[in-house]
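>>> one predicted model, sequence on top.
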Amino acid sequence: MGDFVRARLPAAIEEPGMFVLKHLWAGLFGGVLMVAIALSTVFWNNDWPMARYDALFLVALSAQALFLLFRLESREEVAALVAFSVLGLGMEWYNTAAGNWAYPEEGVFAIAHVPLFVGAMYAAVGVCVLRMIRIFEMVFAPFPPRWAAIGLAALIYMNFFTQHFFVDIRLALFVATVALFARTRIWFTPFTGRRWWMPMLLSLFLSALGVWLAENLGTITGTWLYDGQRTYEWVSLATMGSWFLFLCVALMVALIVLPGATRRAPVTRDSL
């Protein structure tokens with residue numbers, strides 16, 4: 001598919017064009033879900049026999065079935081999808097029980113007042129990270145000791161729960177993330193033969209901004225709401241910090257699945 005597209009792009013936009021198209025390809029599952037949420041908000045009739053949340057869950061399942069049928073996903077991506085669904089639903093069950101946010105509509109495919117399609121939303125983020133590492137041939141270097149990176153990810157995930165009844169160590173986690181990954185570069189290939197790099201922390205910030213903007217689509221359409229938030233209100237910018245930390249967890253899980261993408265020592269363009 002990549003060769004087919006590249007052969008039809010003008011030479012002047014070949015590299016930036018492939019950069020954009022690879023991003024879109026990596027986020028295909030998330031894009032399907034975003035389109036489904038937007039369309040269901042516009043066209044859904046509450047008198048229909050199926051709840052909107054259930055329809056969104058079936059859209060997610062159908063999309064995954066088609067991806068597997070046409071071999072658009074690897075085994076690693078399927079494993080990551082399940083892992084991220086469990087991680088995401090765990091946080092959702094806890095936070096909805098604590099009253100931090102809510103899903104105002106009803107549905108059959110739900111557990112503890114959390115619709116199961118929400119797990120697919122988290123899975124879309126995680127699979128996008130994994131797929132980008134693969135299709136951009138990413139290398140993370142210099143990467144800190146794996147035990148330190150995985151330990152930080154575990155602390156971040158735990159803090160999503162403990163912050164509500166114990167000390168919130170979020171600021172310390174931000175400092176630890178900067179200290180651990182300040183030197184780490186992400187080397188990537190938008191187009192055959194040429195390597196580029198970006199600071200890993202900048203990549204996490206830009207990714208968190210993108211997820212935060214996508215999250216606003218969910219709240220603006222009333223698909224989910226934070227405590228005290230009304231439909232059409234923007235999500236607090238502070239939430240972007242939470243997404244930054246969650247994406248750090250997502251990245252560590254992806255790098256466990258793809259351990260060959262990390263290097264302990266710095267690398268150069270010529271050494272890759």
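It's in. Residues are numbered from 1 along each chain as shown.
>>> who are the contact partners of residue 68?
residue 78 (CB atoms under 8 Å, 6 or more residues apart in numbering). C-beta here means a position set from N, CA and C on the backbone, and glycine is covered the same way.
>>> quick check: phi and psi on it?
Dihedral angles of residue 68 (phi, psi; degrees, to the nearest 10) stand at phi -70, psi -40.
>>> how many neighbouring residues does residue 72 have?
Using other CB atoms under 10 Å, residue 72 has 16 other residues around it.
>>> let me know the secondary structure of it.
Classification of residue 72 by DSSP: H, G, I helix; E, B strand; the rest coil places it in coil.
>>> quick one, phi psi at it?
phi -90, psi 0.
>>> okay, it and residue 82: tell me how far apart.
Per CB to CB, to the nearest Å, residue 72 is found 17 Å from residue 82.
>>> now residue 212, nearest residue through space, not along the chain?
Nearest non-adjacent residue to residue 212, counting by CB to CB, 6 or more residues apart in numbering: residue 240, 4.3 Å away.
>>> what helices and strands are in contact with the helix or strand where the one you found lies?
Secondary structure from DSSP states H and E places residue 240 in helix 238-257. Contacts defined by 3 or more CB pairs under 8 Å, 6 or more residues apart in numbering; DSSP states H and E place helix 238-257 against helix 75-97, helix 117-135, helix 146-162, helix 170-181, helix 200-220.
>>> if we go to 7 Å?
Judged by 3 or more CB pairs under 7 Å, 6 or more residues apart in numbering; DSSP states H and E, the packing partners of helix 238-257 are helix 75-97, helix 117-135, helix 146-162, helix 200-220.
>>> contact partners for the residue nearest to residue 212?
208-209, 212 (CB atoms under 7 Å, 6 or more residues apart in numbering).
>>> quick one: contacts for residue 52?
Going by CB under 7 Å, 6+ apart, residue 52 touches 40, 44, 105.
>>> ok, now with 8 Å
Contacts of residue 52 (CB under 8 Å, 6+ apart): 40, 44, 105, 107.
>>> which of those count as buried?
40, 44, 105, 107 (16 or more other CB atoms under 10 Å).
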